[in-house]
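>>> below are the sequence and a predicted model; questions follow.
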Amino acid sequence: LFDTAAIQQMDTAHYMHPFTDTKALGEQGARVMVRGEGIYVWDSQGKKVLDGMSGLWCVNVGYGRTSISEAVYRQMETLPFYNSFFNTTNLPAVQLATKLCEISPPQFKHVFFTGSGSEGNDTNLRMVRRYWDLLGYKERHTIISRHNAYHGSTVAGASLGGMSGMHEQGGLPIPGIVHIGQPNYLESGRGMTEQEFGIKAASWLEEKILEVGPEKVAAFIGEPVQGAGGVIIPPASYWPEIQRICDKYGVLLIADEVICGFGRLGKWFASELFGIKPDLITFAKGVTSGYVPLGGVLVGDRVADVLIEKGGDFNHGFTYSGHPVACAAALENIRIIEEEKLVERVANDTGPYLKQRFATLADHPLVGFADSCGFVAGLNLVRSKAAVVHDNVEFDPALAVGMICRGYMFNNGMIMRAVGDRMIIAPPLVMTRAQIDEMVALIRHCLDLTYADVKE
Ligand code: PLP
């Protein structure tokens, strides 16, 4: 048994948590998570909760996979570390790079490994600028991203990201990074069909390219479905139009698939779902299901050919690039995804089932808009509903209704994340139909409890 109070005291005395108000946490005490199995985790008080967020969008194959821990153990016993700087390599890194090229779209024949998604996006920034430098376009360094995007917490990652709360801290973004609006139909699509809005939102990219000057724009970066921004699912018309605009101006396209990759949207990579052909794909999270940190960039032929043929040394890399233990975990994780056909299950079985079941929540008096894509889903809590979603009346943000709902969810045995008044989920891909029913029933129950608190 755990002495929760003592752990909490040490926690706030010594551990500065990411994205956390340490002082407020000190008053409240963190929940101490101690164990996981399947789609559930347990805290130090023995409370079992359904992990509707797969940790942080990453535990795709679920908790408690002994074959991953065994693969990690074996690799640690054999060769716990070796670097791949200069002229050395290691077997799991070579095997994983080969495997990733096999499961990704055909333009990808090279992989650059990092320790995280943020480092992957730093790598993207340096790669695209180097690409244009090598071609003699040294002015072509601007990267266009989107408001409310999340691309990580390093200086480049947070600059590429579009979260104002992150930009305020530390004087970001760094020069050469600009942002356009996100394809959020609910926020900006009034008076348009979703498909009309998709074209409109993509046109903001062309406007920005022309404003900056096409000869200065290196790349556009976007998450196929914006995750941390609140599961913003773009209209089907959006990404093909973005691709057309990038092609028109020769702008490189970077898909940040740190959340969307490895089956979360029912394809190995979501770019395939949205019909785009990115030049670079950032990956992390689901590549190891979070068991061991690993990230990287899939480097498409257009960029790889120039970097390899003309580039000489690429002065970039991390001690843990191609870490053998992380790569061994990834290989076993991918083997499980293949063996259990998790990508196909999300595409053809549990993904459509989740969509159908999640949509039933839209009749709740508190829910204004509910949608899902594969195994990510989100709904908006509203004060009152109207015939047209854009006319729904929102709550005063000071009421923090999302946080009230999140609290009820946890107390009733489920982790659901609140982004303002948008409640989001990204469950492990192993979730069954029966577990989807259990989850949706729990969400409805907690919506009822929240409604009882906030209705006027
Ligand atoms: N990109 C996206 C889309 C993400 O969601 C995240 C993390 O949530 C990152 C990048 C950063 O990845 P990491 O936290 O591994 O650095």
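Thanks, I have the structure now.
>>> could you pull out the strands for the stretch 351-456 of the chain?
367-373, 376-381, 414-415, 417-419, 422-425 (DSSP state E, counting those that start in this stretch).
>>> which regions of this protein sit below the pLDDT cut-off?
Across the chain, nothing is flagged by pLDDT under 70.
>>> who does the longest helix belonging to it touch, helix- and strand-wise?
In terms of residue count, the longest helix belonging to the chain (DSSP state H) is helix 433-454. In terms of contacts (3 or more C-beta pairs under 8 Å, 6 or more residues apart in numbering; DSSP states H and E), helix 433-454 is packed against strand 48-51, helix 350-359, helix 401-411, strand 414-415. Placement of C-beta: from N, CA and C, glycine included.
>>> reformat the strands of the stretch 351-456 of the chain as TSV; add mean neighbour count.
Converted to TSV, the strands of the stretch 351-456 of the chain look like this (neighbours: other C-beta atoms under 10 Å):
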stretch	mean neighbour count
strand 367-373	21
strand 376-381	26
strand 414-415	22
strand 417-419	19
strand 422-425	25
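>>> mind putting those strands into a markdown table with distance to the ligand?
Listed next are those as a markdown table, based on distance: least, C-beta to the nearest ligand atom, whole Å:
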| stretch | distance to the ligand |
| --- | --- |
| strand 367-373 | 14 |
| strand 376-381 | 11 |
| strand 414-415 | 15 |
| strand 417-419 | 11 |
| strand 422-425 | 12 |
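>>> ok, and the closest non-adjacent residue to residue 274?
residue 239 (3.8 Å; C-beta to C-beta, 6 or more residues apart in numbering).
>>> ok so, going back, do you know which of the strands of the stretch 351-456 of the chain lies nearest residue 62?
Nearest of the strands of the stretch 351-456 of the chain to residue 62, taken as C-beta to C-beta: strand 414-415 at 13.9 Å.
>>> which SS class is the residue in the stretch 251-400 of the chain that the ligand sits nearest to?
Closest to the ligand within the stretch 251-400 of the chain is residue 258: 3.5 Å, counting by C-beta to the nearest ligand atom. Using DSSP: H, G, I helix; E, B strand; the rest coil, the structure places residue 258 in coil.
>>> in contact with it, which residues?
Neighbouring residues of residue 258 by C-beta atoms under 8 Å, 6 or more residues apart in numbering: 57, 117, 120, 152, 223, 227, 282, 283, 284, 285, 295.
>>> just to be sure, residue 132 is in a helix?
Yes - counting by three-state DSSP, residue 132 is part of a helix.
>>> so what's the backbone phi/psi at the residue nearest to residue 456 when sequence neighbours are not counted?
Excluding the flanking residues, the one nearest residue 456 by C-beta to C-beta, 6+ apart is residue 383, at 7.9 Å. Here is the backbone geometry of residue 383 (degrees, to the nearest 10): phi -70, psi -40.
>>> just the buried residues out of the contacts of residue 258, in ChimeraX syntax.
In ChimeraX syntax, the buried subset of those is picked out as below (16 or more other C-beta atoms under 10 Å):
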select :57,117,120,152,223,227,282,283,284,285,295
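>>> tally of neighbours for the residue in the stretch 301-450 of the chain that the ligand sits nearest to?
At 9.9 Å from the ligand, residue 426 is the closest residue in the stretch 301-450 of the chain, using C-beta to the nearest ligand atom. By the measure other C-beta atoms under 10 Å, the count of residues near residue 426 is 29.
>>> same deal with residue 287?
29.
>>> isn't it up against residue 264?
No - counting by C-beta atoms under 8 Å, no contact exists between residue 287 and residue 264, whose distance comes to 11.5 Å.
>>> hmm, who's touching the helix or strand containing residue 241?
Using DSSP states H and E, residue 241 falls within helix 238-249. With contact meaning C-beta under 8 Å, 6+ apart, helix 238-249 is reached by 183, 198-199, 201-203, 205-206, 209, 214, 217, 220, 222, 224, 251-253, 274-277.
>>> and the ligand, which of the residues you listed contact it?
With the criterion set as C-beta under 6 Å from any ligand atom, no member of these is near the ligand.
>>> quick one, which of those are buried?
183, 198, 201-202, 205-206, 209, 217, 220, 222, 224, 251-253, 274, 276-277.
>>> among those residues, name the ones in strands.
217, 220, 222, 252, 253 (DSSP state E).
>>> OK, contacts around the first one?
Contact analysis of residue 217 by C-beta under 8 Å, 6+ apart lists 140, 142, 143, 144, 209, 249, 251.
>>> can you check the third one too?
Contact criterion C-beta under 8 Å, 6+ apart gives 145, 146, 149, 242, 254, 255, 256 as the residues in contact with residue 222.
>>> any idea what it is bridged to?
Beta bridges link residue 222 to residue 255 when assigned by DSSP bridges.
>>> quick check: it vs residue 239, distance?
8 Å (C-beta to C-beta, to the nearest Å).
>>> chain neighbours aside, what residue packs nearest to residue 109?
Nearest to residue 109 is residue 101, by C-beta to C-beta, 6+ apart, at 5.4 Å.
>>> now the strands of the stretch 351-456 of the chain as a markdown table including distance to residue 433?
Shown next, in a markdown table, are the strands of the stretch 351-456 of the chain (distance: least, C-beta to C-beta, whole Å):
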| stretch | distance to residue 433 |
| --- | --- |
| strand 367-373 | 15 |
| strand 376-381 | 15 |
| strand 414-415 | 17 |
| strand 417-419 | 23 |
| strand 422-425 | 16 |
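>>> between those, which one is closest to residue 232.
strand 376-381 (7.9 Å).
>>> residue ranges of each domain in this protein, please.
Domain assignment of the chain by automatic domain parsing yields the ranges 31-61+343-454, 67-339.
>>> quick check, the residue in the stretch 101-250 of the chain closest to the ligand?
residue 117 (2.4 Å).
>>> measure residue 233 to residue 357 for me?
17 Å.
>>> buried set for the helix or strand where residue 97 lies?
Assigned by DSSP H and E, residue 97 belongs to helix 91-103. Residues of helix 91-103 classed as buried: 92, 93, 96, 97, 99, 100, 101, 103 (neighbour count, 16+ other C-beta under 10 Å).
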